[in-house]
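Undergrad: pasting a predicted model and its sequence here:
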Amino acid sequence: MKTHPFSQIGNQRGFVLTAVYLILALATVFSVAYFSRCVAFVQANERNIHKTVAFNMAESGIDWAISQLASNTEYTGTSAYVPLDTNYMKGGFTVSVTKDDSDPKIRIIQANGFAPSNDPTQRGYQTSSLLAYVRSGSSSAFRTGIFATDSIQMSGNARTDSYDSRNGAYGGSNVAYNGSIETNTTGSKKVTLSGNVMIQGSVTVGPTESPSSVVSTSHNAVITGGISSNPAPVIFSDAVAPVSADGELKLSGNTTYYLMPGTYHFTSMSITGNAKLVPTGPVSIYVDGTIQIAGNGIATSDNRPPNFLLYATGNSNVSFSGNASFYGAVYAPNSTVSVSGNGTCYGAIIAKDYKNTGNGRIHFDEALKEIQGASSGEMTIRAWQEKNTLLWGTGTTTPGS
């Protein structure tokens with residue numbers, strides 16, 4: 001039986017149509033697979049980008065906390081999510097700060113970074129968590145010849161310079177020009193220098209964009225160094241006597257009073273007339289009330305300022321007068337320290353307000369920089385860890401450097 005030619009043509013057409021449908025189906029499958037792969041690639045790339053952004057946001061949180069702790073060591077963290085959206089990236093952070101019971105100067109910062117926000121339903125949502133241990137910095141209590149937390153007034157013929165008592169007595173090659181003065185204040189003309197005052201060093205004031213407005217010079221007053229400002233106030237802790245008080249120390253007339261090496265505590269201190277206090281070794285004296293040093297003053301052991309440290313525990317006045325030389329350091333951050341007469345101070349002075357109306361000299365002993373006692377406001381990172389989400393539940397973290 002012969003096949004009709006039209007049947008053969010129909011069969012051929014059916015085959016071709018089936019083949020076309022099959023090819024279209026395969027192309028559709030491949031297109032969908034390719035599209036899905038592209039979408040997965042875009043989403044993975046977006047997640048990777050957001051992961052990097054989230055990590056950077058967590059680091060920003062650490063930096064934020066450190067800046068806050070520099071001015072307030074009791075800072076506890078952000079109260080809510082802090083967005084840091086820009087035209088190029090979106091994200092933000094949260095921060096919590098806790099204390100370390102083993103060291104009162106250490107703070108533990110937990111910073112969580114988010115991208116593109118803290119909404120977990122957003123596309124490509126990623127988080128990053130950092131844990132940092134920071135410690136408040138400390139610096140020398142005696143970092144300059146004169147430090148007054150509020151004001152400095154100098155007139156007459158007062159001068160400042162420096163030396164290092166570890167290299168011997170002041171004079172000759174043991175003279176330098178680091179007799180700087182410093183203050184925390186930012187008030188207009190809070191540092192006034194008049195007469196023939198010469199600061200052979202620099203003047204540093206509190207955090208301000210116009211440090212020159214804080215300093216006023218008149219007549220022949222000279223500052224050989226520059227005028228600048230600190231990034232943050234220097235914090236001085238109150239002096240606390242480690243021993244009980246023995247009453248007042250009052251010397252007058254021609255009295256010479258010897259002190260054995262050690263730590264002493266008096267309710268007040270007065271040296272007048274030709275009286276003299278003679279420590280026979282390193283001595284620290286804490287005084288609750290008024291301190292008045294005149295007459296022949298204090299003969300520090302070996303004339304080395306670190307051998308005599310005088311601490312004012314309250315806010316009573318401290319005054320130096322007469323013509324005698326004083327070798328030592330005065331720590332009185334809550335008191336007014338007044339200097340008059342023609343005496344010379346070898347050492348350093350810390351006061352709330354400093355007034356010098358005499359012709360004396362301040363020779364800053366750079367050996368005093370070894371004595372700690374002031375918080376510089378600086379926070380330094382001691383260690384940090386990134387919490388790796390791939391390792392959660394294993395007790396393992398990825399240490400940072």
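TA: Structure's in. What do you need? Numbering: from 1, shown residues only.
Undergrad: contacting residues around the nearest residue to Gly195 once chain neighbours are set aside?
TA: Leaving aside its sequence neighbours, Gly195 sits nearest to Ser155 (CB to CB, 6 or more residues apart in numbering; 4.5 Å). C-beta: built from backbone N, CA, C; applies to glycine. Ser155 makes contacts with 192-195, 197, 356-357, as judged by CB atoms under 8 Å, 6 or more residues apart in numbering.
Undergrad: go again using 6 Å as the cut-off
TA: 194-195, 357 (CB atoms under 6 Å, 6 or more residues apart in numbering).
Undergrad: cool, and Arg159?
TA: Taking CB under 6 Å, 6+ apart, one finds 198, 361 in contact with Arg159.
Undergrad: mind checking the SS state of Gly358?
TA: coil (DSSP: H, G, I helix; E, B strand; the rest coil).
Undergrad: likewise for Phe30?
TA: Per three-state DSSP, the local secondary structure of Phe30 is helix.
Undergrad: what do you get for Arg382?
TA: Going by three-state DSSP: Arg382 is strand.
Undergrad: pLDDT wise, what is it at?
TA: Turning to Arg382, the model gives it a pLDDT of 70.
Undergrad: around it, how many other residues sit close by?
TA: By other CB atoms under 10 Å, 12 other residues sit near Arg382.
Undergrad: spatially nearest residue to Met260 (excluding sequence neighbours)?
TA: In space, Met260 is closest to Thr280, 5.8 Å off (CB to CB, 6+ apart).
Undergrad: pLDDT score for that neighbour?
TA: You'll see Thr280 listed with a pLDDT of 92.
Undergrad: check the one 3 residues further on too.
TA: For Val283, the model assigns a pLDDT of 94.
Undergrad: you'd agree it is up against Met260?
TA: No - the criterion here is CB atoms under 6 Å, and Val283 misses it with Met260 at 8.2 Å.
Undergrad: of those two, who's got more company?
TA: The neighbour comparison of Val283 against Met260 (other CB under 10 Å) goes to Val283, with 22 against 9.
Undergrad: what sits against that one?
TA: Contacts of Val283 by CB under 6 Å, 6+ apart are 259, 308.
Undergrad: so what touches stretch 80-98?
TA: 53, 57, 60-61, 65, 75-78, 107-116, 118.
Undergrad: change it to 7 Å
TA: 53-54, 57-58, 60-61, 64-65, 69, 75-78, 107-118 (CB atoms under 7 Å, 6 or more residues apart in numbering).
Undergrad: that stretch spans what distance, first to last residue?
TA: Stretch 80-98 has an end-to-end distance of 16 Å (CA to CA, to the nearest Å).
Undergrad: mind listing what's buried along that stretch?
TA: Residues of stretch 80-98 classed as buried under the neighbour-count rule (16 or more other CB atoms under 10 Å) are 82, 84, 90-95, 97.
Undergrad: list just the nearest of these to Glu46.
TA: Proximity of the buried residues of stretch 80-98 to Glu46 (CB to CB) peaks at Lys90, which lies at 11.9 Å.
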